[in-house]
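Trainee: structure for this input, please:
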Amino acid sequence: MFCIFVRTLIKAIDMKKVFKIGLIITLFLLQSCSIHKSTEAQQLTHFFNKEEVTIVVTDSGLGGISVAADLENRIREKGTFKQVNIVFFNALLANNKGYNSMKTTKEKVTVFNSALNAMDKKIKPDLVLIACNTLSVLYDKTAFSKNVKIPVVGVVDSGVELINNNLKGINDSKVLIFATKTTVNQQSHKNKLLKLGISDKQIITQACPSLAGKIELNPNGKETKYLVKKYVEESIQKIDKKDKNLFVSYNCTHYPYIDTLFKEAFKKQNITINKFLNPNPLMVDFIFDKKYANRYKKTNTSVEVISQAKLLPDEIKSISNLIRIDSDKTSKALENYSLKTQLFRPY
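Mentor: Residues are numbered from 1 along each chain as shown. Below is the predicted model of the structure:
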């Protein structure tokens, strides 16, 4: 009896109406995607149309401040804007509470979402640069990302693009991705590379717990050197020593600070690396689009560094010395940073 009822119901359905409804739904979904894409384009157009802009560069520590220094150095001569205010926002919750020490992804996302809301409300930026791989892989999971009204750019895509450009067309090439534990576990780089046609066999990830923190305290210290040696040796165990087309990718913004240590560690293991890939400078390249250059005779810049976590004197000294060569203004801003203990809350 039930089967007869179902057959009768199916016959009663106007299939043309079903088709029309399906077509309407499909067009609505396509239109929604188009609106989303156009909104991103509109956000960037609005950004470039401004005479004065505020750009927030954020990281869960001081690695990404090299991006702020590079940006300040390069923007001065381009004339893209009349005034550029750069704010480096340390999104570290507390000295003893880093993102990689948090137990769950949910906790990490909640804390970063709180930091993003603080950036938006207290600084009111025109652009946010997430100069941190750990935070970049968490960004899409935040509530902030769902209703954002300004351009937000993460460093992960720059890293993926750089790796892809070097590996594509070389069938026996492999990349050793050095990153934090969170970045490796989220597998964002790997998944994006797979979609671009890079095979699973070409991608080797190496988590480096505690390395970023040691770099901040002393880039050339014994503990930093020990960890680099340890992680390089661990990564080598995952490859065939006969591999000839090897690339190393720094997918933590801290690691380029110790490029020399990585190179020495591989050399001691008699491993030849084709190229060491640093995506940090690439993430701001879009700001220097030629069609927006030379609109003004010169660009005035200001740099501010703010942090909820207290920065240690050794951290400030070591990182300040490293970035001074690119931007004395950013170096001085770090040395005179603003400590704001109630900048954002962990929820």
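Trainee: quick one: Val56 from Thr272, how far?
Mentor: Computed as CB to CB, to the nearest Å, the Val56 to Thr272 distance reads 40 Å. To be clear about C-beta, it is placed using only N, CA and C from the backbone, and glycine gets the same treatment.
Trainee: what do you get for Ile177?
Mentor: The separation that Ile177 has from Thr272, given CB to CB, amounts to 18 Å.
Trainee: out of these two, which sits in the busier spot?
Mentor: Ile177 (26 against 11; other CB atoms under 10 Å).
Trainee: pretty sure that one is touching Val184, no?
Mentor: Yes - assessed by CB atoms under 8 Å, Ile177 is found in contact with Val184 at 7.5 Å.
Trainee: touching both of the two, which residues are there?
Mentor: Between them, Ile177 and Val184 share these contacting residues under CB atoms under 8 Å, 6 or more residues apart in numbering: Thr205, Gln206.
Trainee: what sits closest to Val56 if chain neighbours are left out?
Mentor: Closest residue to Val56 apart from its sequence neighbours, by CB to CB, 6 or more residues apart in numbering: Pro125 at 4.1 Å.
Trainee: next, count neighbours for the one you found.
Mentor: Using other CB under 10 Å, the number of residues around Pro125 comes to 23.
Trainee: give me the pLDDT for it.
Mentor: On pLDDT, Pro125 comes in at 98.
Trainee: who's in contact with it?
Mentor: Shown in contact with Pro125 (CB under 8 Å, 6+ apart): Thr54, Ile55, Val56, Val87, Met119, Ile150.
Trainee: quick check: the gap between it and Asn113.
Mentor: Between Pro125 and Asn113 the computed distance is 16 Å (CB to CB).
Trainee: can you list the weak-confidence ranges in the stretch 151-300 of the chain?
Mentor: Residue ranges of the stretch 151-300 of the chain with pLDDT under 70: none are present.
Trainee: for stretch 240-251, list every residue counted as buried.
Mentor: Buried positions in stretch 240-251, judged by neighbour count with 16 or more other CB atoms under 10 Å: Asn245, Leu246, Phe247, Val248, Ser249, Tyr250, Asn251.
Trainee: swap that for stretch 314-323, sorry
Mentor: For stretch 314-323, the neighbour count (16+ other CB under 10 Å) marks Glu315, Ile316, Ser318, Ile319, Ser320, Leu322, Ile323 as buried.
Trainee: got the CA positions of that stretch in CSV?
Mentor: Output of stretch 314-323 as CSV, limited to C-alpha atoms (Å, rounded to 0.1, in the frame of the first residue of the first chain):
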residue,chain,number,x,y,z
ASP,A,314,66.5,39.7,25.3
GLU,A,315,63.6,39.2,22.8
ILE,A,316,63.5,42.9,22.0
LYS,A,317,67.3,43.2,21.7
SER,A,318,67.8,40.1,19.4
ILE,A,319,64.9,40.8,17.0
SER,A,320,65.5,44.6,17.0
ASN,A,321,69.1,44.0,15.8
LEU,A,322,67.8,41.7,13.1
ILE,A,323,65.2,44.0,11.6
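Trainee: next one: it to chain centre, how far?
Mentor: Stretch 314-323 has its average C-alpha position 21 Å from the chain's average C-alpha position, going by CA atoms, centre = their mean, to the nearest Å.
Trainee: stretch 87-102 too?
Mentor: Distance, stretch centre to chain centre, for stretch 87-102: 15 Å (CA atoms, centre = their mean).
Trainee: so for this protein, which residue is the most central one in space?
Mentor: In the chain, the centroid-proximal residue (CA atoms, centre = their mean) is Val155; its distance is 2.7 Å.
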